[in-house]
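everything below, folded, please.
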Amino acid sequence: MNITESLKIAVKCIRANWMRSLLTMLGIIIGITSVIMIVGAGTGVRDYIVSLIEDMGSNAVLVSVDTTQATDNDYISLDDVENIKKKVNGVERCSPMMMGFGRGTVDRLATDVTVMMIGTNSDVQFAMTNNCEHGRFFTDEEYASAAPIAVMGIESAKTVFGYEDVTGETITVTSSGQSMKVKVCGVANIESMTSSLGGGGNVGKMFSTGSDTAMIALFMPCTTLSQATGANAALDNIFVIAEEGADYDAVGNATVNYLKAAHGNFENGMYTAQNMASYIEIVDIVMKVLTIFIAGVGAISLIVGGIGVMNIMLVSVTERTREIGIRKSLGAKTGVITMQFLTESVILCLIGGLIGVILGVAGAYGACAIISIQPKISIWIILLALLFSSGTGLFFGIYPARKAAKLSPIDALRSE
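Here you go, the predicted model:
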C-alpha cells in the first residue's frame, strides 16, 4: 500500500466519524489557537510599546525627582535646565517637562474640551523621532517671551476637528481662574510622549469629567504654561538629549551629579536618570518572557489534545479489529498497518492545526483591533504550529498504530 492509498483511507475514516473526529481535534484546535493568538498579539503589543519609546528619541535621557521625599529646594528650576545644557559634558539639549490641566473652548467650533498642557522649550522636538506633521514648533524667542502658542497632538486634532492640519486654530484655556487664548502653530505626534508622563491613556479619547468632553494634548512654552496656570516652574521631570555618540548612561549620571551639587542634596535616590534606549531593552525582554510563558501554558492543551487523539485511535483499533485481521490475512505487513493508523493520527492533528491557525490569526487581529494595535504574526510561527500539531499526531499515534499492527490475524478475525 502506498502513501496515497493510506491518505485516502484515513480521510474516509475521518469523514465517516466526523463528529467524533471534530471533538478529538478540539484540544489541538484550542492549543494552536491560543499559541498563535498570544504570540501574534504579544509581539504586536511589544512592537507598539517600543515604537512609543522610540518616538521619544533613543538618545533622550529622562531625569526625574523623587516627589515622595522632595522639598521645594529639590525641584529642578528653569535655570538648572539652561545650566545643564552649558555645563554638563555630553549634553546637547535639555527640555523641561511641566504638566498642567485646564478647561478649554475651541473658539471656531465653540466646543468644550479638557486640556492637558505640557510645558517645554523648543529642545523637546529633538527628543522626538518625528517632527511636526503640520506647521512648526515654537521657537526660543517665543519661549523667552511666553508667547500664547502651542503644538497640538495629532490624535487630539482628529478627535476635536476630524482632521490633522489644524494650524492657526485658537483655543481659550482656563486654569486656576485665569484664561488665555492659545494659537496652534503646529501638529505633531505628542501623545506618545505624554503617555510616559502618566496621561497618555486618555489623550484623544472621550471620557467623563462632569460632562462628556474630549481631552486634548498641547505642548507649549514652559513660560506660557506658568502664566496660564499661575504655577511656579518647579520641575520634577526634564529630558536631556545627549550628543551623538555619547554614553547616554554617563550623560544621565553627570546630570544627576550636577543637580545634587546645585541643590546641595547628595541623598541617594533624590534624582534618577533613565536612558530611553534601556526602556526598549527592558520592554523587549519582559514582553518576550511573558509571551513565551503564556504561550507555553496554552501549549499544554496540545498535550491534552494529543492524549485525546491517542484515546480515539485506540477506540478505532478496537472497532476495526476485524478489518485489521482481514487485511493481515490477505498479506498486509506490519509496517503497512502501522503506517495506516499513523497517517490517520497525523491527518487528524494536522486538520486540527489548520483550523487552530485560522482561528488564532483571526483571534489575534480581533483582540488587537480592540486596542488599535497591529498584531505581528510570523510565517515561521504558523509553520512551527503546524509542524508541532503533526508531531503531536505522530507521537501519540505510535502506540495505537503499533497495537493494531501486532494483532494476530486469527484473533482479529475471531473478534465480533
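
helices and strands of the chain: which one has the lowest mean pLDDT?
strand 206-208 (a mean of 35; mean pLDDT, DSSP states H and E).

I figured Ser64 hits Gly269, correct?
No: taking CB atoms under 8 Å as the definition, Ser64 is not a contact partner of Gly269, at 10.6 Å. No exception for glycine: its C-beta is placed from N, CA and C like everyone else's.

in terms of neighbours, single out the busier of those two.
In terms of neighbours (other CB atoms under 10 Å), Ser64 is the more surrounded of Ser64 and Gly269; the figures are 17 against 8.

all strands in this structure, in order from the N-terminus.
For the chain, the strands defined by DSSP state E occupy 60-65, 91-96, 98-106, 111-120, 134-135, 149-153, 170-175, 178-188, 206-208, 212-221, 237-242, 271-275.

what packs against the fourth one?
Translated: strand 111-120. strand 91-96, strand 98-106, strand 170-175, helix 191-196, strand 212-221, helix 222-229 (3 or more CB pairs under 8 Å, 6 or more residues apart in numbering; DSSP states H and E).

next one: the second one
In this structure, strand 91-96 makes packing contacts with helix 78-87, strand 111-120, strand 237-242, helix 248-263, judged by 3+ CB pairs under 8 Å, 6+ apart.

what strands line up against that strand, and which way round?
Here strand 91-96 is paired, per DSSP bridges, with strand 237-242 (antiparallel).

out of the helices and strands packed on strand 91-96, which is closest to Gly363?
strand 111-120 (34.3 Å; CB to CB).

average pLDDT for the closest one?
Taken as a whole, strand 111-120 has a mean pLDDT of 88.

could you check the angle strand 178-188 makes with that strand?
80 degrees (axes from the mean of the first three to the mean of the last three CA atoms, to 10 degrees).

centre of the chain to strand 111-120, how far?
A distance of 27 Å separates the centroid of the chain from that of strand 111-120, by CA atoms, centre = their mean, to the nearest Å.

that one pairs with which strands, parallel or anti?
Per DSSP bridges, strand 111-120 is paired in its sheet with strand 98-106 (antiparallel), strand 212-221 (parallel).

list the buried residues for it?
Val113, Thr114, Val115, Met116, Met117, Ile118, Gly119, Thr120 (16 or more other CB atoms under 10 Å).

how about the last one, nearest residue that isn't a chain neighbour?
In other words, Thr120. Excluding the flanking residues, the one nearest Thr120 by CB to CB, 6 or more residues apart in numbering is Ser95, at 4.9 Å.

which strand residues bridge the one you found?
Phe239.

any idea how far it is from Ile238?
Taking CB to CB, to the nearest Å as the measure, Ser95 falls 7 Å from Ile238.

okay, and the common contacts of the two?
Val81 (CB atoms under 8 Å, 6 or more residues apart in numbering).
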